[in-house]
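# sequence first, predicted coordinates after that:
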Amino acid sequence: MDRKTRIYLVGDSTVQTYKLEAAPQCGWGAMLYRYFCDNNVNVYHSKGSKFDNAVTYDVEDFVIDNRAMAGRSLKSFYDEGRFDEVINGVCQGDYCLIQSAHNDAYKEKEERFLSPEEYKEKLINDYIDPLLAKKAVPVLVTAIAMKDFDENGNCRISFPEYREKMLEVADEKKLFCIDLGKMTAEYNSRIGEEACKGIYMNLDKGMFESAIEGKEDNAHLKFEGAFIYAGFVAKELKKIIS
């Protein structure tokens, strides 16, 4: 049997697949497969990975391999050997979607932080060039917007300096880029701040065992948000892999 094309997902908590006890928190990477099959999917721990968060979704035409992990930047994801597993497994014609910025911008965490210039350099040298050397296809994905609105009711694009660097890299290296940051900010602006509480982790007290005291989290997604945002990715990805 021929090997199926593999789509790797590299990212952070907003992309990650979570265990059920974290519900309703969900990353868009856990919902992406739903746009490529009805219900015929085989879900299992990614073969050969030492990380328990690595989850594979085997659909009819290809495989989605979600390696995203909460709290990781391009720096810490790489330093922990997570990308080593990706580059060791990737084959010619595979795709690798890379979303990062939320943790790269976190100056208080030395193991995560990269300046925008360092971010650009890291992205090219340690992610894109090794993928291209193996004749795989890097697909850059700008970081999702946080629930962050200005005085006019518009959702701000999050981490704009890092988004700009990613767009620069895509242009310079002639790569596909899914501008998810712009798409999600525009979507949030369209539905409004109050409606956004339904897709981000804004939880009332007693609603969920995972946050029994309630939660006001404007960065992470509920199932609904993950599904909607995965739809934006899927729409663009279908243009790339068609």
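Noted; the coordinates are in hand.

# my read: L131 touches V139, true?
No - between L131 and V139 there is no contact under Cβ atoms under 8 Å: 9.7 Å. In short, each C-beta sits where N, CA and C put it, glycine included.

# in the lengthiest helix in the chain, what's buried?
Identified as the longest helix of the chain according to DSSP state H is helix 223-241. By neighbour count with 16 or more other Cβ atoms under 10 Å, helix 223-241 contains the buried residues G225, A226, F227, I228, Y229, A230, G231, F232, V233, A234, E236, L237.

# quick check, nearest of those to G198?
Taking Cβ to Cβ as the measure, G198 lies nearest G225 of those, at 7.9 Å.

# that closest one: what's it in contact with?
Residues in contact with G225, defined by Cβ atoms under 8 Å, 6 or more residues apart in numbering, are C26, W28, G198, I199, Y200.

# I'd like the residues you listed written out as TSV, with secondary structure added.
Output for the contacts of G225, formatted as TSV (DSSP: H, G, I helix; E, B strand; the rest coil):
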residue	secondary structure
C26	coil
W28	helix
G198	coil
I199	coil
Y200	strand
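
# what about the strands in this structure?
Ranges of strands in the chain, per DSSP state E, are 5-10, 42-45, 55-58, 62-66, 95-99, 137-141, 176-178, 200-203, 215-221.

# could you dump those into CSV and include mean pLDDT?
Converted to CSV, these look like this (pLDDT from 0 to 100):
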stretch, mean pLDDT
strand 5-10, 98
strand 42-45, 96
strand 55-58, 98
strand 62-66, 97
strand 95-99, 98
strand 137-141, 98
strand 176-178, 98
strand 200-203, 95
strand 215-221, 94
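
# closest to F36 out of those strands?
strand 62-66 (7.6 Å).

# other residues contacting that closest one?
4-9, 15-17, 27, 29-30, 32-33, 36, 46, 54-57, 89, 241.

# list the residues that contact the residue minimising distance to the centre of the chain.
The chain has V15 as the residue nearest its centroid, 3.5 Å off, counting by Cα atoms, centre = their mean. V15 is in contact with L9, G27, W28, G29, N66, A68, Q99, counting by Cβ under 8 Å, 6+ apart.

# what of E213?
Contacts of E213 (Cβ under 8 Å, 6+ apart): K205.

# the helices in the protein, which residues?
74-79, 82-89, 116-122, 129-133, 160-173, 180-191, 193-196, 223-241.

# right, so of the ones you listed, which gets closest to G206?
Across those, closest to G206 is helix 223-241 (Cβ to Cβ), at 18.5 Å.
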